[in-house]
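Novice: what follows is a predicted structure for the sequence shown.
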Amino acid sequence: TQRSGVLLMDFEAIRRKRRLYFYAMTRGGRSVDPNLAFTKLLMGMEGADGSTAFTDESPDNRTASIGVAGNAQIDTAQFKFGTSSALFDGTGDGLSISSTGLAIRTNQFTIEGWFRPASVTGSQALIHHGLNLSADATNSMSLWMLGGIPRFSSVPQGSSTWADDLIATTALSTGAWTHVAVERNAANLMRLYVNGVVEASATIAKDIKDVTASRDLRVGQTSGGTLGYNGHADEIAFLMGKARFDGAFSPPTSAYERP
């Protein structure tokens, strides 16, 4: 309102807006994870044993565009959270996921998941965007492991040459669940974590190549069907525009909140 030419604040209107804001943030009393707004992929790998139906539980809901290669399936024998996880046998198995909205370019991002390898031999793709690990015009980034040691590699925009941006020091153990994550924050500091420990970090400001028009995101293999991951995977998440951890952390003890 305005009185005698002086603009006065409508404190009641402000209070109403505050109440609406906090209701939206708590959904009527339940706290809402602020990271949900940045979550572009979230897969808890839940389902019936042997099922090949995989679900994206993020707000983007890519479920209809998730393809299954080889013998990739839901397995109730192992899981980190819930009652099941995804099982890959290392030969032709993988998930193909629409990469719309997943072009990292110069953005902050977080890619993470829980992995329980049955073997750590050779090169294995965990989460990969591109044809393979050779020079190719349709490669972008890869969270993979060599001899069980996680690595994050990426290709600059306008190039086809991979760079091993970050290499961890701790190898994943067979038969054990391990949390692996990579992220870049607002200061372009990129970190690679194993069970919440910063195993490698570097300031990497490059524009990571956008191949969303030609390649899907893959879990468990490359889009060329190579570097098959042998083991289980659970709670895969991809955040765009946010570094979820931004420093050493304790690995999650429960599944992330769903929309």
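Specialist: Structure received.
Novice: quick check: longest strand of the protein.
Specialist: Secondary structure assigned by DSSP state E gives strand 230-240 as the longest strand of the chain.
Novice: in this protein, what helix or strand scores lowest on average pLDDT?
Specialist: None of the helices or strands of the chain scores lower by mean pLDDT, DSSP states H and E than strand 6-7, at a mean of 40.
Novice: ok, which stretches of the stretch 1-150 of the chain are strands?
Specialist: Counting by DSSP state E, counting those that start in this stretch, the stretch 1-150 of the chain has strands at residues 2-3, 6-7, 39-43, 67-69, 73-75, 85-89, 94-97, 109-117, 123-130, 139-146, 149-154.
Novice: among those, which comes closest to residue 221?
Specialist: Closest of the strands of the stretch 1-150 of the chain to residue 221 is strand 94-97, at 3.4 Å (criterion: CB to CB). In short, each C-beta sits where N, CA and C put it, glycine included.
Novice: what helices or strands is the closest one leaning on?
Specialist: strand 67-69, strand 217-219 (3 or more CB pairs under 8 Å, 6 or more residues apart in numbering; DSSP states H and E).
Novice: what's the last one packed up against?
Specialist: Applying 3+ CB pairs under 8 Å, 6+ apart, we find strand 217-219 packed against strand 94-97, strand 123-130, strand 230-240.
Novice: strand partners of it, parallel vs antiparallel please.
Specialist: Sheet pairing for strand 217-219, assigned by DSSP bridges, gives strand 94-97 (antiparallel), strand 123-130 (antiparallel).
Novice: please apply the same query to the first one.
Specialist: In its sheet, strand 67-69 lies beside strand 94-97 (antiparallel), with partners assigned from DSSP bridges.
Novice: and the strand it pairs with, what's buried?
Specialist: Judged by neighbour count (16 or more other CB atoms under 10 Å), strand 94-97 contains these buried residues: 94-97.
Novice: picking that back up, out of the strands paired with strand 217-219, nearest to residue 185?
Specialist: Across the strands paired with strand 217-219, residue 185 has its closest neighbour in strand 123-130 (19.0 Å, CB to CB).
Novice: on that earlier part again, in TSV, list the strands paired with strand 217-219 along with mean pLDDT and distance to residue 175.
Specialist: As requested, the strands paired with strand 217-219 are exported to TSV (pLDDT from 0 to 100; distance: least, CB to CB, whole Å):
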stretch	mean pLDDT	distance to residue 175
strand 94-97	98	21
strand 123-130	98	15
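Novice: sketch out the low-pLDDT regions of the stretch 1-150 of the chain for me.
Specialist: For the stretch 1-150 of the chain, the stretches with pLDDT under 70 are 1-31.
Novice: max pairwise distance over the buried residues of strand 94-97: which two?
Specialist: Largest separation among the buried residues of strand 94-97 by CB to CB: 94 and 97, giving 9.8 Å.
Novice: got any residues that touch both of the two?
Specialist: Residues touching both residue 94 and residue 97 by CB atoms under 8 Å, 6 or more residues apart in numbering: 218-219.
Novice: the longest strand of the chain pairs with which strands, parallel or anti?
Specialist: Counting by DSSP bridges, strand 230-240 is paired with strand 39-43 (antiparallel), strand 85-89 (antiparallel), strand 109-117 (antiparallel).
Novice: make CSV from those strands and add distance to residue 200 to it.
Specialist: CSV is the format used below for these (distance: least, CB to CB, whole Å):
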stretch, distance to residue 200
strand 39-43, 23
strand 85-89, 25
strand 109-117, 14
